[in-house]
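Peer 1: Provide a 3D model corresponding to the input given below.
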Amino acid sequence: MRELPLIDREQQVLDRIEKARRRRPTVREERITLAHGAGGRATHTLIDAVFLEEFRNPLLEPLEDGARFAVDGARLAFTTDSYVVSPLFFPGGDIGDLAVNGTVNDLAVCGARPLYLSAGFILEEGFPVADLRRIAASMARAATAAGVAIVTGDTKVVGRGKGDGCYITTAGVGVVEREGAFSAGAARPGDVVLVSGPVGEHGVTVMLARGELDISSDVTSDTAALHGLVAALLDATDGVRCLRDATRGGVATVLNEIAAASGTAVIVREDTIPVRRDVRGACELLGIDPLYVACEGRLVAVVDGAEADVALAAMRAHPLGAGAAVIGRVAEDPPGLVLLKTAFGGTRIVDMLVGDPLPRIC
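Peer 2: Down below sits the predicted model:
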């Protein structure tokens, strides 16, 4: 049997991937697994097949980090999130400031100025009051630093053994003061992809804090509120197409969402992706690609190629963007895929993982 030329074999692979992506999302599992909450393909399938199917409306369908809408002429953004990180306290942060910063960031990448948050607590019977005070104090400090107020909330207690200490659910509202869609579907060929700093720090920090691995490191979580960095970027250029914070699933998942929503290809160069040496080392020991590891203080921006230098300079001028880098570009083909140009001169597909190798990191 005659073997097909290499270019034809590659096209067959791309055609099969595209055919698989066109299938209607279906949850095949009978019960929820940890993968369904990890931010990868299983999460996206669950959202599409269950929640989007039942709740479908024009504000929800873009599946951005928040919804944008107008009320009596005022343009607002609204978001919600839940935090189940384990352990609750880790180097560089805790579940409290994580909840505030994460909600602020979801509003920021919608192009909104964050204003007000809510906080709902699910506490397990027997949870130490001292730990709850510590979490509340951390949230208060983070809110003050971000210039937002926690204005409403709720508390529920479940029986001993029915929870895991403390879970937090937040919601946030902000005002949209700038023009621009800032949508994953807005990426165009010729755009560039920037990341605001080294990736993977939060996920690695939390994993090492669990004490299950005999690895010592001084890496700390990058948890931070990014609305000031976003404002500096938007002040500098009108060429921003899309903003995303790279939390569950990491930068790789964000890039896949952008490629799929815009029908473009995202081409990334491995040697331009900023990764701290200790993070890379931990990832190598764990057998994990840093591109898939969660961040809590990093954003991905897609910017008009003509504005790349201006955008990069604006990000690097801000303390939270000092390590910013251009990591790739947007192209026409192959549509819907993320390709990585490796340090060895090869090319590989960076697909969206089914689950997450580091569960419960936010």
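Peer 1: For the lengthiest strand in the chain, which helices and strands make contact with it?
Peer 2: Identified as the longest strand of the chain according to DSSP state E is strand 112-124. With contacts defined as 3 or more Cβ pairs under 8 Å, 6 or more residues apart in numbering; DSSP states H and E, strand 112-124 has these neighbours: helix 95-108, helix 129-146, strand 149-158, strand 166-176, helix 227-236. Bear in mind the C-beta positions are built from the backbone N, C-alpha and C, glycine included.
Peer 1: run the last query once more with 10 Å
Peer 2: strand 74-83, helix 95-108, helix 129-146, strand 149-158, strand 166-176, helix 227-236 (3 or more Cβ pairs under 10 Å, 6 or more residues apart in numbering; DSSP states H and E).
Peer 1: how about the strands in the stretch 151-300 of the chain?
Peer 2: 166-176, 192-195, 240-245, 265-269, 299-303 (DSSP state E, counting those that start in this stretch).
Peer 1: Quick one: work out the angle between the last one and helix 227-236.
Peer 2: Looking back up the chat, that one is strand 299-303. Counting by axes from the mean of the first three to the mean of the last three Cα atoms, to 10 degrees, strand 299-303 lies at 10 degrees to helix 227-236.
Peer 1: Check the first one too.
Peer 2: Compare the direction of strand 166-176 with that of helix 227-236 by the same axes, to 10 degrees and you get 20 degrees.
Peer 1: Show me the shaky parts of the protein.
Peer 2: 1-24 (pLDDT under 70).
Peer 1: Run me through the strand neighbours of the longest strand of the chain, direction for each.
Peer 2: Sheet pairing for strand 112-124, assigned by DSSP bridges, gives strand 149-158 (parallel), strand 166-176 (antiparallel).
Peer 1: what's stretch 206-216 in contact with?
Peer 2: Applying Cβ atoms under 10 Å, 6 or more residues apart in numbering, the contact partners of stretch 206-216 are 85-93, 98, 204, 217, 219-221, 278, 281-283, 285-286, 288, 293-294, 296, 357-362.
Peer 1: Give the buried residues for that stretch.
Peer 2: Residues of stretch 206-216 classed as buried: 206-209 (neighbour count, 16 or more other Cβ atoms under 10 Å).
Peer 1: Give me the buried entries from the contacts of stretch 206-216.
Peer 2: 85, 88, 90, 92-93, 98, 204, 219, 221, 278, 282-283, 286, 288, 293-294, 296, 357-362.
Peer 1: Kindly confirm whether my reading is correct that V148 touches L117.
Peer 2: Yes - contact criterion Cβ atoms under 10 Å: V148 and L117 qualify, at 5.6 Å.
Peer 1: higher neighbour count, the two?
Peer 2: Neighbours were counted for V148 and for L117 using other Cβ atoms under 10 Å; L117 has more, 26 against 23.
Peer 1: so that one makes contact with A99?
Peer 2: Yes - with contact defined as Cβ under 10 Å, L117 counts as touching A99 (8.5 Å).
Peer 1: Find residues that contact each of the two.
Peer 2: Common contacts of L117 and A99, defined by Cβ under 10 Å, 6+ apart, comprise 139, 142-143, 150, 170.
Peer 1: can you put the residues you listed in CSV and add neighbour count and distance to A187?
Peer 2: Conversion of the shared contacts of L117 and A99 to CSV gives the following (neighbours: other Cβ atoms under 10 Å; distance: Cβ to Cβ, whole Å):
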residue, neighbour count, distance to A187
M139, 23, 34
A142, 26, 31
A143, 25, 33
I150, 19, 34
T170, 23, 28
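Peer 1: still on that earlier bit, pick the most buried one from the strands paired with strand 112-124.
Peer 2: Using mean count of other Cβ atoms under 10 Å, the stretch among these with the largest mean neighbour count is strand 166-176, at a mean of 21.
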